[in-house]
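Engineer: how would this look folded up:
(chains A and B)
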Amino acid sequence: MRYVEEFRDPALGRALSAQILSLLEPGRHYKLMEVCGGHTHTIYKYGIDDLLPESVELVHGPGCPVCVIPMGRVDDGIAIAGREGVIFACFGDMMRVPGSRGTLLEAKAAGADVRVVYSPLDALRLAKANPDRDVVFFAIGFETTAPSTALTLKRARAEGVENFLCMCSHVTIVPPLRALLDSPGLELDGFIGPGHVATIVGLRPFEFVAAEYGRPFVAAGFEPLDVLQSIEMILRQLAAGRAAVENQYTRVVPYEGNPAALRALEEVFELRPEFEWRGMGTIPESALRIADEYAELDAERRYPVPGERVADPLECQCGEVLKGAIKPWECRVFGTSCTPEHAIGACMVSPEGACAAYYNFGRLARREEPV
Amino acid sequence: MSAEPHRCEDGTCITCGDVAVPLRVLSLDAERGLALCADEQGRRETVEIALVAPVRPGERLLVHAGTAIAKPGAL
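Structural biologist: I've put the predicted structure just below:
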């Protein structure tokens, strides 16, 4: 398939791997963060880390939208899902994310009408098919997904669908990135940037990473050679002693992003003053809510929600994993009491979560120990 | 759901993983701003095209959560 096969060519992969070796300074250790959960998945699925020398360490970032949703927010969703006459629609991974009193899957088992959808458009279709029920779409995701929700809300209004509502938990990537860069003691040499977020927002919002923090940032595609080439581009910058925002994913990412998407986001959403991130605490202006102009489509204005802040489980170290401070296998419950079947933390729930990626691809053992 | 492309196969959720899949446009509903698209295996899906309009049958779109976010290679 065009744009896929040519980015999985083993010979090119070996050449890039050799190129990477030639850029390394002897004795130096490199820590690069892949911001996006999609990259984490590519890295483990294709064994990218096995193609890298020991001195290049990949750290998994906060870019899994399921993993960063705090427990209190799941509780709010379950409260709405349990209301008489409501159909609660969410993405599949959201079903198993634990709140303080269980998951949406458990709420469904207890009688709530919770349905899995694959897009906001699917949820709108559900609303049209059930005109006597309120369909509440639990919107999660970064800037890649938020335009889809925005366009669906606009469509719901244009088509006069009055029983379609949205519980908006969309988040934005720049504030947590800045929070990470401000974390004391966090040593990162560069960033493998989220290619599809950049497709929407462009590269300009990431310029601060190089300009203010002196770290290379390369917007990357999601095929294995995309990721390898991005690593090579970051190491090339480091070898030359420079830091810039570069675009590896040129077949898709325009510097200015997608103007139609940005207009839709601007029209339908506004920034929340603050939002709680699982394991990262409260970050100012890091999430979206539905703007007053679209208030009648906002489930949180229609229905009361508890809105309580719930502390993460004590034994869970998702926060440290999300910040790249520890590897998944260094968490005290990884692979023992926390598994994909019985997840304690959200990083184990989503396949893009760093813990689930390690677990599912058999990386249970510490890398430096012979297995 | 097997008739629809790209769903949460291969142990990955395309929405949560920020993944987008290439689909080809089969036909257009210009009035509603939607396109019927298919993947390499012929599985079909209705796609929102507001972000990449105008779109022609035969074109390839990169689709995330039911919305085309780019035309790969068009830059």
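Engineer: so where is chain B shaky, pLDDT-wise?
Structural biologist: B:1-17, B:74-75 (pLDDT under 70).
Engineer: now do the stretch 251-371 of chain A
Structural biologist: A:351-352, A:362-371.
Engineer: how about the residues of it that lie near chain B?
Structural biologist: For the stretch 251-371 of chain A, the residues found near chain B under the criterion Cβ under 8 Å from any Cβ of the partner chain are A:Arg251, A:Val252, A:Val253, A:Pro254, A:Asn258, A:Ala260, A:Ala261, A:Ala264, A:Ser350, A:Pro351, A:Glu352, A:Asn360. From N, CA and C alone the C-beta is placed, and that goes for glycine too.
Engineer: contact partners for A:Tyr97?
Structural biologist: Let me fix one detail, which is that residue A:97 is Val and not Tyr. A:Val66, A:Ile69, A:Val74, A:Thr103, A:Leu104, A:Ala343, A:Ala346, A:Val349, A:Ser350 (Cβ atoms under 8 Å, 6 or more residues apart in numbering or on different chains).
Engineer: so of the residues you listed, which ones are in helices?
Structural biologist: For the contacts of A:Val97, the ones inside helices are A:Val74, A:Leu104, with DSSP state H as the criterion.
Engineer: adding neighbour count, write the contacts of A:Val97 out as CSV.
Structural biologist: Shown next, in CSV, are those (neighbours: other Cβ atoms under 10 Å in any protein chain shown):
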residue, neighbour count
A:Val66, 29
A:Ile69, 26
A:Val74, 25
A:Thr103, 20
A:Leu104, 23
A:Ala343, 24
A:Ala346, 31
A:Val349, 27
A:Ser350, 32
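Engineer: center of the chain, which residue is that?
Structural biologist: Unless you meant another one, I'm taking chain A. A:Cys64 (2.4 Å; Cα atoms, centre = their mean).
Engineer: switch to chain B, that's the one I care about
Structural biologist: B:Val63 (3.8 Å).
Engineer: picking up where we left off before, and the gap between the closest residue to the residue nearest to the centre of chain A other than its chain neighbours and A:Lys128?
Structural biologist: Nearest residue to A:Cys64, sequence neighbours excluded (Cβ to Cβ, 6 or more residues apart in numbering or on different chains): A:Gly37, at 3.4 Å. Using Cβ to Cβ, to the nearest Å, A:Gly37 is found at 31 Å from A:Lys128.
Engineer: neighbour count: those two, which is higher?
Structural biologist: A:Gly37 (33 against 13; other Cβ atoms under 10 Å in any protein chain shown).
Engineer: verify the stated contact: the more buried one with A:Cys67.
Structural biologist: Yes - taking contacts as Cβ atoms under 8 Å, A:Gly37 lies within contact range of A:Cys67: 7.2 Å.
Engineer: show me where chain B has its strands.
Structural biologist: B:21-29, B:34-38, B:44-48, B:60-64, B:67-70 (DSSP state E).
Engineer: nearest to B:Pro54, of the ones you listed?
Structural biologist: Closest to B:Pro54 of the strands of chain B is strand B:21-29 (Cβ to Cβ; 9.2 Å).
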